[in-house]
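Colleague: turn this into a structure:
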Amino acid sequence: MYLGIDVGSVSTDLVLTDGEGAITEALYLKTGGDPARAVSEGLAELGLRHADGEILGLGVTGSGRALAGALAGADVVKNEITAHAVAAAALDPEIRTVLEIGGQDSKIILLRDGLVFDFAMNTVCAAGTGSFLDRQAQRLGLSPEELGELALRSRSPAPISGRCAVFAESDLIHKQQAGSPTEDLVAGMCRALVRNYLSNVAKGKRLLPKVCFQGGVAANAGIRRAFEEELGCRVLVPEHHKVMGALGAALLAKEKAPEKTLFRGFGDKDRSVRLDSFRCRDCENHCQVSRVWYDGRPRGFFADRCGKYSSRTGPPS
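Modeller: Sure, this is the predicted structure:
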């Protein structure tokens, strides 16, 4: 099997695939501000059911990919754009547009013949991301799943500002206090956030079908319908939409892993994992280098600009 790990700010996802690239097991864990712990616990969970020798390759991606690669022993370290594109192309080679909305950021990826030819990311504003939607669901006393289902019942979506998370929430509160039905508020919010995504992330790019919607927010049926209304075409939501980044990392491991994997094993969640950092003064960069310790031994270095330390622990990100 091949293992893929996607470490994000909100979730840490682990996927096991068979030799054909099909998912055999997937874990979706909360990062909780401690990616080292999340990776270690995810590996330990998989280790309860699988032996180290079953893994022929490990790929990592996400904002915490350097840490995950150093901790687990990655064969392939790739950015999120590449990982999500590979997973979408494997799902359906005819996919041309990938919409990806996670907990803290949004991405759009345009494919041609299964290869990335354009992309964009938005990491500035939280409007439309999973964290913003979770906050609104909590404020309305709903689960994130109920939020999407409620939007589908609306017959007259309320006009909501979607250009900024702060303004969107203020607008929602104002209209709620004015007596607007909850389903209309939620549907209006979904429409506003989709318009925000298309204007700020897509920025006039030509979005061609087939369109694939990935990331945790893809579970929101209201957001999906709003995309279909704006784009005028069907939007595909994969079964494993939450872990497509990890799937892409596993597929890349299958394609690019060396004959002998660098994977260090599933380990034990009770083993000590510690992070620290130090200032390198060997040049004018004065990099703050991060270091991960595992069972009392340094397992990896990252965040140095020149690669003096990170090059010691596997492939660069």
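Colleague: please make it C-alpha for all contacts and neighbour counts, starting now.
Modeller: OK.
Colleague: what ranges do the helices span in this protein?
Modeller: In the chain, the helices defined using DSSP state H lie at 35-47, 65-72, 80-91, 130-139, 144-151, 165-177, 182-197, 221-231, 244-256.
Colleague: pick the most buried one from those helices.
Modeller: Among the helices of the chain, helix 244-256 has the highest mean neighbour count (mean count of other CA atoms under 10 Å), at a mean of 28.
Colleague: so what touches it?
Modeller: With contact meaning CA atoms under 8 Å, 6 or more residues apart in numbering, helix 244-256 is reached by 2-6, 13-17, 19, 21, 23, 56-62, 75-78, 80, 82-88, 214-215.
Colleague: kindly report the same for stretch 78-86.
Modeller: Under CA under 8 Å, 6+ apart, the answer for stretch 78-86 is 59-63, 65, 98, 107, 109, 111, 114-116, 119, 244-249, 251-252, 317.
Colleague: at 6 Å instead, please
Modeller: Outside stretch 78-86, the residues within contact range by CA atoms under 6 Å, 6 or more residues apart in numbering are 61-62, 244-245, 248-249, 317.
Colleague: so for stretch 235-243, what's the average pLDDT?
Modeller: Mean pLDDT, stretch 235-243: 95.
Colleague: now swap in stretch 294-313 and tell me
Modeller: Stretch 294-313 comes out at a mean pLDDT of 75.
Colleague: would you mind writing the CA trace of it as PDB?
Modeller: Extracted in PDB, the C-alpha atoms of stretch 294-313 (Å, rounded to 0.1, in the frame of the first residue of the first chain):
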ATOM      1  CA  TYR A 294      11.200  12.000  18.000                       C
ATOM      2  CA  ASP A 295      12.000   9.700  21.000                       C
ATOM      3  CA  GLY A 296      14.900  12.000  22.000                       C
ATOM      4  CA  ARG A 297      16.500  12.100  18.500                       C
ATOM      5  CA  PRO A 298      16.400  14.900  15.900                       C
ATOM      6  CA  ARG A 299      14.200  13.700  13.000                       C
ATOM      7  CA  GLY A 300      14.200  16.800  10.800                       C
ATOM      8  CA  PHE A 301      14.900  20.500  10.200                       C
ATOM      9  CA  PHE A 302      12.900  22.900   8.200                       C
ATOM     10  CA  ALA A 303      12.200  26.700   7.600                       C
ATOM     11  CA  ASP A 304      15.800  27.500   6.600                       C
ATOM     12  CA  ARG A 305      16.000  29.400   3.300                       C
ATOM     13  CA  CYS A 306      19.200  27.900   1.900                       C
ATOM     14  CA  GLY A 307      18.400  24.300   2.800                       C
ATOM     15  CA  LYS A 308      21.600  23.800   4.900                       C
ATOM     16  CA  TYR A 309      19.600  21.900   7.600                       C
ATOM     17  CA  SER A 310      16.400  20.800   5.800                       C
ATOM     18  CA  SER A 311      18.500  19.100   3.000                       C
ATOM     19  CA  ARG A 312      19.700  16.600   5.600                       C
ATOM     20  CA  THR A 313      16.300  15.000   6.100                       C
END
